[in-house]
Every structure is written in C-alpha cells, then in structure tokens.
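Enquirer: coordinates only, sequence not included:
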C-alpha cells in the first residue's frame, strides 16, 4: 500500500495492493482500505523496524561485539553497556513471546503464521545499519519550512535527541581519546 496527499497534507488516495488499484475517499471501501494501511504500517514499524531491526539485530550485534571484543574496563564498552543493558534477556523474551506463532505480534495483527515469518525475515534482509539518512532527512524537512516542529513533533524530538546524544558521546570519547 502507498498513501498520497495533497499540498496541504490531506490524504487523497491510497494504492491498495490487495486489489491492485487506487482508492479515493468517495469509494465505498475507503474506510476499510485506510484501516488496512494503518495495520500494515503498524506491523512494518513494530515487527520489522523495531522488533527485528532495533532489538534482534542492532542491539544484539552491538552487545555481542562489545562483550566479545572489548575488555570489561574498556571505555567504549562502558559507554555501550549503558545502551545495551539487559539486551540478551529482552531479546530472549521477545523471541519467546513476540516472534512465534501464537505470540503477541501474531495475535495483535492479521498475519498468518507464514506472513509473520515473512515479515520478520523481510526485516532481517532489509535492515540498514545507518541511521544518518533518517537524521539528515528530518533536519532537511524541518529546515525547509514545509513543516514546523509543532506540526511534526516526532521529527523535532528526533533531531533534538540526536543532537543531545551526539554531544554526550563526543564529550565522553574526548575524555579517553583526545582529538584536535
């Protein structure tokens, strides 16, 4: 599915892949297609991006790499530990309760067991380990004036948090690794 908006950001059409057609607000099926799109987005963001991307892959790989390659007193491991604390236990619980047939994601979505498996595998196949395009995009949108921080609170909060985290990491790293 794909959504289309006018210049005032009003939803004007949805491409509905189930019937391979565009649906407009005047169509009798409009409310159903909007609901299907919202559910698809929720599954995409929750199961694919967050569960697989953030937890099962990124946090897991970071935990394994920092614990396996850096000594317990290494400054970078100490920095990473505050961001990966309890990752192994959280991911094990997620694998038992969220990723399985009959688990929470399966019950909370309209996915068949096969579709759930395909969605999770899609997350593994498409994960990018580079968040900078998202940060760059958010800065660009807010700087363009097309949308204000009050209209797009997520974008404003995302860029603000990124700046705070970047400053924190830079100051921490500078304590142990002086640069010019």
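Expert: Received the coordinates, thanks. If you're wondering where the values come from, they're calculated on a predicted model, not measured in any experiment.

Enquirer: in the protein, which strand is the longest?
Expert: strand 11-16 (DSSP state E).

Enquirer: packing partners for the helix or strand just after that one?
Expert: Once the chain leaves strand 11-16, the next helix or strand it forms, by DSSP states H and E, is strand 21-23. Judged by 3 or more CB pairs under 8 Å, 6 or more residues apart in numbering; DSSP states H and E, strand 21-23 is in contact with strand 11-16. C-betas here are computed from N, CA, C, even on glycine.

Enquirer: partners of the strand it packs on in the sheet?
Expert: strand 2-5 (antiparallel), strand 21-23 (antiparallel) (DSSP bridges).

Enquirer: ok, residues contacting the longest strand of the chain?
Expert: Contact with strand 11-16 is made by 1-6, 21-25, 29, 33-34, 36-37, as judged by CB atoms under 8 Å, 6 or more residues apart in numbering.

Enquirer: filter the residues you listed to the buried ones?
Expert: The neighbour-count test (16 or more other CB atoms under 10 Å) applied to the contacts of strand 11-16 identifies 1, 23, 33, 34, 36, 37 as buried.

Enquirer: where's the dip in pLDDT among those?
Expert: Ranked by pLDDT, the buried ones among the contacts of strand 11-16 bottom out at residue 1, which has 73.

Enquirer: in strands only, show me the buried ones among the contacts of strand 11-16.
Expert: Applying DSSP E to those, the entries found in strands are residue 23.

Enquirer: could you dump the buried ones among the contacts of strand 11-16 into JSON lines and include distance to residue 95?
Expert: Below are the buried ones among the contacts of strand 11-16 laid out as JSON lines (distance: CB to CB, whole Å):
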{"residue": "1", "distance to residue 95": "28"}
{"residue": "23", "distance to residue 95": "37"}
{"residue": "33", "distance to residue 95": "33"}
{"residue": "34", "distance to residue 95": "33"}
{"residue": "36", "distance to residue 95": "28"}
{"residue": "37", "distance to residue 95": "29"}
